[in-house]
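>>> what's the 3D shape of this:
(4 chains)
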There are 4 protein chains.
Amino acid sequence: MKGFAMKKIGEVGWVEKERPTLSARDALVRPTALSPCTSDVHTVWAGAIGDRKDMILGHEAIGIVEAVGPEVRDFKPGDRVVVPAITPDWDSLEAQAGYSMHSGGMLAGWKFSNFKDGVFAECFHVNDADGNMAHLPESISDAAGVMLCDMMPTGFHGVELADVQFGDKVLVIGIGPVGLMSIAGAALRGASEIYAVGSRPNCIKVAKEYGATHIINYKNGSIEEQVMELTKGKGVDRVIIAGGDVYTMSTAIKVLKPGGKIGNVNYLGEGDYVMIPRVEWGCGMAHKNIAAGLMPGGRLRMEKLIALIEAGRIDPEKLVTHRFQGFENVEKALLMMKDKPEDLIKPVVFM
Amino acid sequence: MKGFAMKKIGEVGWVEKERPTLSARDALVRPTALSPCTSDVHTVWAGAIGDRKDMILGHEAIGIVEAVGPEVRDFKPGDRVVVPAITPDWDSLEAQAGYSMHSGGMLAGWKFSNFKDGVFAECFHVNDADGNMAHLPESISDAAGVMLCDMMPTGFHGVELADVQFGDKVLVIGIGPVGLMSIAGAALRGASEIYAVGSRPNCIKVAKEYGATHIINYKNGSIEEQVMELTKGKGVDRVIIAGGDVYTMSTAIKVLKPGGKIGNVNYLGEGDYVMIPRVEWGCGMAHKNIAAGLMPGGRLRMEKLIALIEAGRIDPEKLVTHRFQGFENVEKALLMMKDKPEDLIKPVVFM
Amino acid sequence: MKGFAMKKIGEVGWVEKERPTLSARDALVRPTALSPCTSDVHTVWAGAIGDRKDMILGHEAIGIVEAVGPEVRDFKPGDRVVVPAITPDWDSLEAQAGYSMHSGGMLAGWKFSNFKDGVFAECFHVNDADGNMAHLPESISDAAGVMLCDMMPTGFHGVELADVQFGDKVLVIGIGPVGLMSIAGAALRGASEIYAVGSRPNCIKVAKEYGATHIINYKNGSIEEQVMELTKGKGVDRVIIAGGDVYTMSTAIKVLKPGGKIGNVNYLGEGDYVMIPRVEWGCGMAHKNIAAGLMPGGRLRMEKLIALIEAGRIDPEKLVTHRFQGFENVEKALLMMKDKPEDLIKPVVFM
Amino acid sequence: MKGFAMKKIGEVGWVEKERPTLSARDALVRPTALSPCTSDVHTVWAGAIGDRKDMILGHEAIGIVEAVGPEVRDFKPGDRVVVPAITPDWDSLEAQAGYSMHSGGMLAGWKFSNFKDGVFAECFHVNDADGNMAHLPESISDAAGVMLCDMMPTGFHGVELADVQFGDKVLVIGIGPVGLMSIAGAALRGASEIYAVGSRPNCIKVAKEYGATHIINYKNGSIEEQVMELTKGKGVDRVIIAGGDVYTMSTAIKVLKPGGKIGNVNYLGEGDYVMIPRVEWGCGMAHKNIAAGLMPGGRLRMEKLIALIEAGRIDPEKLVTHRFQGFENVEKALLMMKDKPEDLIKPVVFM
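Model (predicted):
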C-alpha cells in the first residue's frame, strides 16, 4: 500500500509498504479524511522525536473500517469511525492510574507516526479497536470529524487542566487550531471573559465566534500589560497555553491571580528549561498551579465530544480553512502546515 | 418602616417596624426590585421553618445602599448592589471548611426571613457587607439582577453538585425557575444532551432556549422509561434534581449510569425519608453518588455570575414572566408563587 | 479439576470440572491460600445474585501461575501472585470513565463466582493477566496476601469514598474484617479520632490496634447518642459504613456534620429502599454527601497496597483468626463465615 | 512593651512599643512559648520582604489571651491558645475562593512580622480572634504547641499539594523542620516508601522516626540517580519540596513519573527563574503537575492538627532540639536559626 512518510529528518516522500497485520483485538481502517498537524512538522523538520526512516506520517484521520480481529465486539467492516491521535493500552499501570496517554511510558499512548506508522496511508492499524475507535454518526461531516482526532480533544484538555469554573476570566495564549478549541471549550465550560492572544485575522474571526470576548495582539504592547489593564490590575483566574515557547510560562504566571491555574497543551519543541518567574510565583508560595499534558485518547473521549457536536454545542468545522481532494495532496497540505500562510487554520485532505 | 411579613403560620400582612440597626461591618439596603420565592410560600403556609411572628419575608432583592458601617471598605451609600439569599459568617469553622452556607449550623448561612427580617421592606440589613454584597453593573437590568440572588446560584449549584463534564448527558428534573437555571448551567458547563422533565408550555419554551435538547413530559409515560429509551438503555451520566418530592431520588437513581452523579437543589418539604432504591443503587455498590445542598452565597459567587451575564453567556431575565410596579404588589406576587398560574415562571416587583 | 461450588441456592458441594481454557492475554493460577467471604454466603444462602448451578465459589485467593497466554508480558508460570476480587475489562467505556469495577455493566467487573467460576478450585482463570494480577513479594505471608484480594481494598475504598482529610473525626460502622480495614485505612489517611461501632471482643481488640480511639457498643445506648456525646454535639466529619442494613444510612446522616461525607462499602442484601432521613439531611440542603461503591480491582491497586504492607504501614494479617490446612477444609471455613462464631474475624485455607 | 525587632535590613535588636490597640473582633495574646523561623532569618538578613524599620519579628507563638474585643465569642482572657502564622481576612474574595492565605493579595494572609508587628513581644495582636486562634488543650505541651503555628501546617500542606494517595512512593526534598513534618504527614496520608533527602544526623534520626523508609544523602551521588535506583528506574509518584533552591524543581521533575505531582512549600529566596527541565517535563505533555503554596492558616486548620496530636497520631515535639528559658534568649534562638548548628532542628523560647 501507499503511504506518505518521513524518509529521514528533514525529508518526506511517498513509500510503498505492506498492509499492517491484524491481531485479535485490532482493526484496519481506510482513511476518508486526513489532516496534517504541527506535530508532523516538528517530527520531520525539527527531529522532535528523533530520527525515523520511512515512517508513515499523520495521526488525524477518520475512515471506514476495512477489517477487524476476531475479538473485536463493536465494530465491523464498513463502519465509519473516528480514531483519536492517542490510542492507549488500557490495561497498563498508567491507564489504571488515570493517565492512559502515558501508557507504557511518558507520552507513549501516542503511537501513530511515533512508534508505528501513521494514518497518511491507504490503510492504517488501530490497536484495541473497541477501546480506541468510535462510530462517527452521519450527521457529522468528514471535515468536522477529523477535527475530533486531536484539535478538539487537545484544546478541550487545556480547559480541563486549567480547571475553568463558572464565571472565571480566562486567558488563552495562542489561537491556532488548538487554541481556538480551547476558547470554545472555555466558553462551553462556563468562562465569562475570554482573552485570546493572537494576530492573524482569520483566527481572530473564529476566536470571536467561539467565544473570545477580547483579542490581545502582541503588536499593541506586552501581553502582561494588556491583560492587567483589561482585568483592572487583578489578573485572570485561569490561563490556557496553546502556543508560544519556554518563555510563555512566564507570561502566564505574571498575569495569573494567586490561587489561579495554568493548563498547558502546547508542545514545547525547544529550549532547555521552561521558566517560572520566581517573584511573581510568590517565591513558591502563590498557589499558581501548573498542569500540563497530552490529550486523553480512547473511545469514550471521542464519544463524549461527538455528543457535544451532535447536540449542537460546538462546530469544529470552522477550523477547516483549506480543503484538498485526493490523497496525492497530503504533501501539499503538510507543507502548508509548515509554511503557515496567513489565512490558514487547518487543512483537510479528502480521499 | 413598612414590611411585608409572615404574621404567623398561614397568615401574611403588612407590619411597621424600626429600621434595622447598623454594626461596623454591615450595610442597610433599600430594595429596588424584589422577587418572592417558593421558599417564602413554604415558610408561611407549610410552616417549613417553624412558627415566626411578624417576620418580614423575602430573600431575593437588589437595591441601593443606604448606609454602611465604619469598617465597610468597598461600598458606600448610593451604590447599586445585589445581595445573595445566603449571607454567611465567613470566619466560622464551617466557612473555613468550604461550607459557608452552613456557617453557624446546618443551613444557618440562610438568614433573611429565617433568623432575621427579610428583604420585603423599605430597608433591609446585610451582615458583613464587604463579604456579602456585590456591585451590580448598569448593563444588567433590575429584572435580571434579582434573579442573581437565588435562582441562578441555586440552579448553577445543582450543576456543580452533579459535577457535569464535557459531553455528559444530563437529566434535569423540574423546570421551574431553579430547574431552568440548572439547564442553562448544564449547557454552559459542557453537557451534550439535556433532558428536561416538565409539562408547562412556558417553561418548556424557556427550557429549550436555555439548552434542553429533549423534553420529558410525565403525561407521556414514566420518566424512567422515557429516559432509558432516549439513551438507548444506557441511562444518563448526571441528574440534577430541581423539583419533585422524596420519591424523586428513586427516579434519579434508576436512570443513572454506574459512576454517575446526582446533584439535588430541591428543598424537600415533606416526608420522613428520601428513598434510595436498593437494587438499582447496586446494593450500595454502584458509585451512584448523591450530593445535595444549599447554594453558596457571598460576594464572590455574585461577582462570578455577574461576569457571566456581562459576557453574554446567559440571560436570566427570561425567567421573569410577571412584572409588578410598586411595593404594594408584593402580596399579589407572593400569592402568585403560591397559586402558580400556568404561565408563571417568576414574578418581580419593582419598587 | 476439583472445585467447591454453589450447586443451587442454599446448597454447596464439590464439583469436578474441566480446567478453564486460556486466551492470549489470560492466565491460569493454582491457589495456595483462599478465604471465603460474606459475599459467598450471600450468594449461596440468600440468592443475592440469583440462582447458579454448580458455579465454583470464591473470589479471594493468592497462588502460583500455572500458565499464561502468548500475549502476557509480565508474568510466567511459577510466579507467586495475588488476584483481586475485581478483574475489570480495562478498555471498556466504564473503565475509561474511571469506574473499572462497573466494566460492562453495574458491578460487572466482579467476575469470580458471579459471571464465571471462582477461585475455590485447583486452578482458576484470570482475564487480562497483565492488568489484573500482581506479583506478591516473599516478604508478605500467604495469610496477609489473601487479605489483599478484597478485605483491604474494600475497607480502604470506604476511606476514599468518605474522602478522609487530616484531623477528621471518623465514624466507622461495622468492625467485621472490612470495617477493621476501614479503621486502619482511616488512621493511615490522617483521621484523628476514630469511633468504631461493634461489640465482639476480638474485633474490638483489633479495631484498637488498627487505630480506633473509641468503641461504640450499641448495647450501651443508641449509636447516635453516643456519637453526639463523644463529639460534644457537633457530630463527625466522615462516616464509613462497613456493616448494617438499609437503616444504617439513617444513623450515618444523623451524626454527620453539614459538609460531611459518607462512604459506603457495605453490600446491602435486603430491603426495598435505603432510607435518608429528610430533616437531618437538611431537607436536601445539608451537603451531607453519599458515595457508595464496589472496590476498584486490577493490578495497580494491588501493587499500591502491597507497597504499604512492605513499607510496614499496615499488617492485614491481624484479620486472620482461623487457619485451615488443606483444600478439603474450604467448606468448613465457608460455614464458619456463615455461622460467625464470636471469635471469628476471617478464616484462611492454606492449600 | 518590649519586643525583639528587625531594626533594618541586617540588624536586629530590642524595641519598646505601645501595646497594640484592640478592635471589636480582635484579641491580644501574651506569648508563653516562641520559636524563630528561617523566614525571620530571610526577612532580616536577606531582605526578603524589603526593608522594615523596628518591626517586631516572629510568627510562631502560643500564649495566654490577655484581652478580647466586644464581638469575640469563643475566647476570653486567660485562655491558652495557639495562633497560626497565617491569619486571613476570612471575608475577602480570595478566602471565599478557597485561598485564604492570599486574602487581600498574594501571600497577604501572612501578617505577623510582615504587615504588622510579630509575636516576639510581651503581647501581640490577633485579627479576627474567633477565626484565627484555637484553644490549646492541656494535654499538648508548650513545645509541641508552638510547632502548630507554622512547621506542622506547612509540612502537611506540602502533602496536600502533592496529593499523596494510598501506597504512593514519595520523595521529600529537605529534612529541616518543615520537611520532617512533610515526612510525618506523608506517612499519615498513606504513603508507602518515603525517600528523604538530607545529611544531618539529627534530622535523619527524626526523619526515620516520622516514617522515612530511605535516606538519600547527596554525598553518595546525585539525588536523581539514587531515586531512580531505589525505584528500579520508575521514579516516584509524588515529590514534596521542603528545601533547596530554584534548581530543586529540576530534580523533582526528573525523578517524577508521568501523572505524578509535586507539592512545593519551600520559600524560594533567590534566583530569577524556577527551572522546569523541558525534555523531562515531556515537552509540556507529561502531566507532571506542580502545586506550590503558603500554608492555610485560621482556626479550623489549628483545630484539625490539634486533634491529630491529641489522638496520638503524631508528636511534633520531636522537632524541638533546643530549649531556652526566658524571653531575653530570643535573640540567641534566632541567631541559632541563622547559623544552623549541625544538631539543630528547631529551638523554642519559653517565656
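>>> helix, strand or coil for A:N202?
helix (DSSP: H, G, I helix; E, B strand; the rest coil).
>>> Tell me where the stretch 201-350 of chain A has strands.
A:214-216, A:236-241, A:256-264, A:273-277, A:289-292, A:320-325, A:346-350 (DSSP state E, counting those that start in this stretch).
>>> For C:G221, find the nearest of those.
Ranking the strands of the stretch 201-350 of chain A by proximity to C:G221 (Cβ to Cβ) places strand A:256-264 first, at 45.6 Å. C-beta here means a position set from N, CA and C on the backbone, and glycine is covered the same way.
>>> is chain B contacted by that closest one?
No. Contact of strand A:256-264 with chain B (Cβ under 8 Å from any Cβ of the partner chain) is absent, the minimum separation being 11.2 Å.
>>> returning to that earlier point: most tightly packed of the strands of the stretch 201-350 of chain A?
Comparing the strands of the stretch 201-350 of chain A on average neighbours per residue, with mean count of other Cβ atoms under 10 Å in any protein chain shown, the densest one is strand A:236-241 at a mean of 29.
>>> residues in chain A within reach of chain B, list them.
Close to chain B, as judged by Cβ under 8 Å from any Cβ, chain A has residues A:156, A:160, A:165-169, A:185, A:187-194, A:213, A:303-308, A:310-313.
>>> if we go to 10 Å?
Neighbours of chain B within chain A, by Cβ under 10 Å from any Cβ of the partner chain: A:152-153, A:156-157, A:159-160, A:164-169, A:185, A:187-194, A:211, A:213-214, A:237, A:300-314.
>>> Make sure A:R313 is actually in contact with A:I306.
No. Using Cβ atoms under 10 Å as the test, A:R313 is too far from A:I306 to be in contact (11.2 Å).
>>> Identify the contacts common to the two.
The contact sets of A:R313 and A:I306 overlap at B:167, B:192 (Cβ atoms under 10 Å, 6 or more residues apart in numbering or on different chains).
>>> And for the closest residue to chain C within the stretch 201-350 of chain A, the neighbour number?
Using Cβ to the nearest Cβ, the closest approach of the stretch 201-350 of chain A to chain C is made by A:L300 at 3.9 Å. Around A:L300 there are 21 other residues, counting by other Cβ atoms under 10 Å in any protein chain shown.
>>> excluding its backbone neighbours, what's nearest it?
Nearest residue to A:L300 in three dimensions, chain neighbours excluded: C:Q96, at 3.9 Å (Cβ to Cβ, 6 or more residues apart in numbering or on different chains).
>>> Within range of chain C, give me the residues from the stretch 151-300 of chain A.
Residues of the stretch 151-300 of chain A lying near chain C (Cβ under 10 Å from any Cβ): A:296-300.
>>> Quick check: the farthest pair among those?
A:P296 and A:R299 (10.9 Å).
>>> Compare those two and say which one has the larger neighbour count.
Ranked by neighbour count (other Cβ under 10 Å), A:P296 and A:R299 place A:R299 first, with 27 against 23.
>>> show me what contacts the more buried one?
A:R299 touches A:74-75, A:81-84, A:87, A:90, A:128-135, C:91-93, C:96, counting by Cβ under 10 Å, 6+ apart.
>>> re earlier: same list, the strands of the stretch 201-350 of chain A, but as TSV with distance to B:I56 please.
As requested, the strands of the stretch 201-350 of chain A are exported to TSV (distance: least, Cβ to Cβ, whole Å):
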stretch	distance to B:I56
strand A:214-216	43
strand A:236-241	37
strand A:256-264	37
strand A:273-277	53
strand A:289-292	45
strand A:320-325	60
strand A:346-350	60
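>>> Got phi/psi on the residue lying closest to A:D237 once chain neighbours are set aside?
Among residues not flanking A:D237 along the chain, A:D168 sits closest, at 3.9 Å (Cβ to Cβ, 6+ apart). Backbone geometry at A:D168, expressed as degrees, to the nearest 10, gives phi -60, psi 150.
>>> didn't A:D168 look like it was pressed against A:G235?
No. The criterion here is Cβ under 10 Å, and A:D168 misses it with A:G235 at 11.7 Å.
>>> any shared contact partners between those two?
A:257, A:260.
>>> show me where the stretch 51-200 of chain A has helices.
Applying DSSP state H, counting those that start in this stretch to the stretch 51-200 of chain A gives helices spanning A:93-96, A:129-132, A:142-146, A:151-162, A:177-188.
>>> The second one and chain C, any residue contact?
It refers to helix A:129-132. Yes. Looking at helix A:129-132 against chain C by Cβ under 10 Å from any Cβ, the contacts come from A:129-132.
>>> Neighbour-wise, give me the winner out of these.
Neighbour max across the residues of helix A:129-132 next to chain C (other Cβ under 10 Å) = A:A129, 30 neighbours.
>>> Tell me the bridge partners for the nearest residue to it once chain neighbours are set aside.
Using Cβ to Cβ, 6+ apart and skipping residues adjacent in sequence, the residue nearest A:A129 is A:A27, 3.7 Å away. Counting by DSSP bridges, A:A27 is bridged to A:V68, A:V126.
>>> any idea how far chain D is from A:A27?
For A:A27, the distance to chain D equals 26 Å [Cβ to the nearest Cβ, to the nearest Å].
>>> wait, doesn't A:K208 sit right on A:I215?
Yes. With contact defined as Cβ under 10 Å, A:K208 reaches A:I215; the gap is 7.4 Å.
>>> Identify the contacts common to the two.
Joint contacts of A:K208 and A:I215 (Cβ under 10 Å, 6+ apart) are A:194, A:196.
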